[in-house]
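>>> give me coordinates for this.
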Amino acid sequence: MDIRPIRDGEDEAVIALWTACGLTRPWNDPVADLTLAKGGATSAVLVAADDAGIGGTIMVGFDGHRGWVYYLAVDPGRRRRGLGRSLMAAAEDWLMVRGAPKLQLMVRSDNEAAVGFYQRLGLERQEVIVLGRRLDG
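Predicted structure coming up:
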């Protein structure tokens, strides 16, 4: 599978994959998230694709201090074959080229399967608390 930046015409397939993987939430508009990441100078959406279509995605960004990963998704029918690991490696490469000294990501507190996956890749739980507030209303 080729890992590359998203191409025009692939948005619908990417959002469908995010939805199938349970990554979307009513308060986060995936179309807006995708549009912002694709148009950003410091962000990208990478896809893993072959003749059968898009099998995985990862959104990556660099805020000048840390690299961030979002929307790691692997088609449920293509899991357990190393695709998630390959997407994470591609995101790390993208960040290293841009000089990011650290990679971070957020996992929902009830998603122990994802936590286990990331820990197997060498990521560690951080001693931080994430605070937030909606700015759209």
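>>> scan this protein for its longest strand.
In the chain, taking DSSP state E as the definition, the longest strand is strand 53-62.
>>> and it, which residues are buried?
Neighbour counts using 16 or more other C-beta atoms under 10 Å place 54, 55, 56, 57, 58, 59, 60, 61, 62 of strand 53-62 among the buried residues. Bear in mind the C-beta positions are built from the backbone N, C-alpha and C, glycine included.
>>> distance from it to the middle of the chain?
On the basis of C-alpha atoms, centre = their mean, to the nearest Å, strand 53-62 sits 5 Å off its chain's mean C-alpha point.
>>> now swap in stretch 70-78 and tell me
With C-alpha atoms, centre = their mean, you get 9 Å for stretch 70-78.
>>> quick one: average pLDDT of that stretch?
Stretch 70-78 shows a mean pLDDT of 94.
>>> list the buried ones in that stretch?
Using 16+ other C-beta under 10 Å as the test for burial, stretch 70-78 gives 70, 71, 72, 73, 74, 75, 78.
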